[in-house]
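**Student:** Any chance you can model this:
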Amino acid sequence: MGTSLNAFALLSVLFVSGQFMMLAQVRGATKVVPAGDISKVEDAQLFHIYYGQSFKVIKNSVDGKSYLLLQNNSRMATRTKYCTGRIKSFVIPLSSCSADTTFFPVSFFELLGLLESLKGITSDSVTSECVLKLYTSGGIKLVNKTDMQQLSQFTAHFISNIDEEQACNYAAFVPLEERTPLQRAEWIKYLATYTNSEARANVVYDAVKQNYLCLSKAAANLTTRFKPVVAWVGYYEGIWSFGKEGFKLQYVTDAGGENVDDTISNNSYNVSNSDEMENFYAILGTVDVVIDETYVLEPEEYRLSAFLENIGVDDKSCFGFLTNQRLWRYDKRAQKPATLDWYDRAISQPQLVLADLMEAFFPTGNYTTTFFRNLAKDEGVTTIGPEMCDRNTSTPMEPTILPCQSGN
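**Tutor:** The predicted structure is shown next:
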């Protein structure tokens with residue numbers, strides 16, 4: 001038994017490092033054919049999936065771990081168990097799971113039709129109407145995120161904070177670490193491997209990606225001679241700064257806009273320093289669209305007057321993005337104080353974000369945005385509640401595919 005386990009350990013290491021097929025060729029072995037559906041990672045950069053006949057290996061580049069997933073009908077499932085600093089094993093498909101729902105996109109569970117297997121959440125601060133419905137009806141329990149014994153009742157506990165102490169059933173799910181919108185959305189395939197839902201994940205991601213790419217081509221056709229210049233800005237403890245996250249800059253480009261120059265966006269501006277604020281005002285005077293991502297506890301209470309107060313101006317006519325009513329925030333959908341759907345459904349369905357930004361950059365007036373509200377037009381916030389869930393929670397949620405004609 002010990003010799004068998006040692007041999008498999010060596011084999012799994014070789015497989016994860018990409019040398020499995022080389023070993024098979026040397027020994028003249030036949031090609032390994034997975035028993036079920038598979039997913040191929042096309043865009044995401046931070047995880048890879050390898051398939052055996054009765055097992056899968058996910059290599060997670062964020063936490064540096066390999067997740068060995070063993071089919072429950074295989075002999076390996078009863079004989080093999082790993083819980084080391086480098087390898088963790090799980091028997092799949094998962095019978096039950098929980099999630100640390102702090103900045104955790106539970107919409108991936110919905111798109112795969114896995115809400116019935118999600119039995120525990122660490123916080124009710126989620127922006128899924130149907131997760132809230134299951135929680136209020138008792139179908140999902142609230143669990144203590146620091147109580148490892150309580151969390152051990154679940155086959156897997158998905159986390160987004162890899163720096164915390166981890167038990168053997170913890171699995172890192174970190175799409176927010178990816179640099180582009182599509183890379184983040186493809187993490188649906190990561191979650192699907194734990195439940196043998198690859199076929200569903202492939203369908204969803206293909207639909208989302210095709211819709212996103214079509215909208216991006218359509219946006220390119222909307223662009224006039226000069227692209228609208230866009231700035232993501234945020235205010236924190238008396239300092240204004242520009243957003244520089246890669247996925248946000250990619251959104252602007254894909255929606256037909258142009259980002260503020262890097263040599264400008266790397267600066268920060270103290271409201272108590274008049275010279276710095278004069279430089280900030282000068283830059284804003286060149287910008288066509290502003291996205292204010294200032295963090296606030298009560299999004300509904302944050303209005304145009306709050307933005308003007310933070311920026312320190314009384315006359316809004318001095319900025320073109322204000323006179324043209326092109327000041328936006330991504331907090332249109334929220335549940336409880338400061339729990340935004342921007343950190344959930346906007347990750348799993350980036351095509352909706354792209355469509356919002358196209359409307360912000362090239363306004364038509366006949367498109368209702370999903371995540372963005374126009375602060376300059378005093379648009380309010382939609383509060384999410386369990387009563388808004390109007391579908392069967394045991395069935396998969398369909399992605400929203402928007403009408404699109406790219407013209408190509």
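**Student:** so I347 sits in a helix?
**Tutor:** Yes. Counting by DSSP: H, G, I helix; E, B strand; the rest coil, I347 is located in a helix.
**Student:** Contacts only, for it.
**Tutor:** 105, 107, 175-176, 184-185 (CB atoms under 8 Å, 6 or more residues apart in numbering). Bear in mind the C-beta positions are built from the backbone N, C-alpha and C, glycine included.
**Student:** Among those residues, which are located in helices?
**Tutor:** 107, 184-185 (DSSP state H).
**Student:** which of those residues lies closest to E301?
**Tutor:** S107 (26.1 Å; CB to CB).
**Student:** Tell me how many other residues surround that closest one.
**Tutor:** Around S107 there are 23 other residues, counting by other CB atoms under 10 Å.
**Student:** Distance of it relative to T339?
**Tutor:** Going from S107 to T339 by CB to CB, to the nearest Å gives 13 Å.
**Student:** Quick check: which ranges of the stretch 151-300 of the chain have low pLDDT?
**Tutor:** 223 (pLDDT under 70).
**Student:** Quickly note the distance from Y190 to Y367.
**Tutor:** 32 Å.
**Student:** More neighbours: the two, which one.
**Tutor:** Higher neighbour count among Y190 and Y367: Y190, with 26 against 14, using other CB under 10 Å.
**Student:** Return the residues in contact with the closest residue in space to the more buried one that isn't next to it in sequence.
**Tutor:** In space, and not counting its chain neighbours, Y190 is closest to F47: 5.3 Å by CB to CB, 6 or more residues apart in numbering. Neighbour list for F47: 41, 58-62, 187, 190 [criterion: CB under 8 Å, 6+ apart].
**Student:** Over to F154?
**Tutor:** 96-98, 119-120, 169.
**Student:** And the buried ones among the residues you listed, selectable in PyMOL?
**Tutor:** Per 16 or more other CB atoms under 10 Å, the buried members of the contacts of F154 correspond to this PyMOL selection:
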select buried, resi 97+98+119+120+169
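**Student:** For the contacts of F154, which two are the farthest from each other?
**Tutor:** Farthest pair in those, by CB to CB: K119 and N169, 12.7 Å.
**Student:** hmm, back to that, can you pull up the bridge partners for the residue nearest to Y190?
**Tutor:** Counting by DSSP bridges, F47 forms beta bridges with N60.
**Student:** per-residue pLDDT, it?
**Tutor:** pLDDT recorded at F47 is 98.
**Student:** how near is it to C130?
**Tutor:** Using CB to CB, we find F47 at a distance of 26 Å from C130.
**Student:** swap in F242?
**Tutor:** 36 Å.
**Student:** which residue is nearest the centroid of the protein?
**Tutor:** Centre of the chain computed as the mean C-alpha position; nearest residue by CA atoms, centre = their mean is I347, 3.2 Å away.
**Student:** What does the pLDDT read for it?
**Tutor:** For I347, the pLDDT comes out at 98.
**Student:** and if you look at R79?
**Tutor:** So, for R79, pLDDT stands at 87.
**Student:** tell me the contacts of S54?
**Tutor:** Here S54 is in contact with 35, 70-71, 73-76 (criterion: CB under 8 Å, 6+ apart).
**Student:** Kindly reformat those as JSON lines containing neighbour count, secondary structure and pLDDT.
**Tutor:** Below are these laid out as JSON lines (neighbours: other CB atoms under 10 Å; DSSP: H, G, I helix; E, B strand; the rest coil; pLDDT from 0 to 100):
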{"residue": "A35", "neighbour count": "14", "secondary structure": "coil", "pLDDT": "74"}
{"residue": "L70", "neighbour count": "22", "secondary structure": "strand", "pLDDT": "97"}
{"residue": "Q71", "neighbour count": "20", "secondary structure": "strand", "pLDDT": "96"}
{"residue": "N73", "neighbour count": "9", "secondary structure": "coil", "pLDDT": "94"}
{"residue": "S74", "neighbour count": "17", "secondary structure": "coil", "pLDDT": "94"}
{"residue": "R75", "neighbour count": "10", "secondary structure": "helix", "pLDDT": "92"}
{"residue": "M76", "neighbour count": "19", "secondary structure": "helix", "pLDDT": "91"}
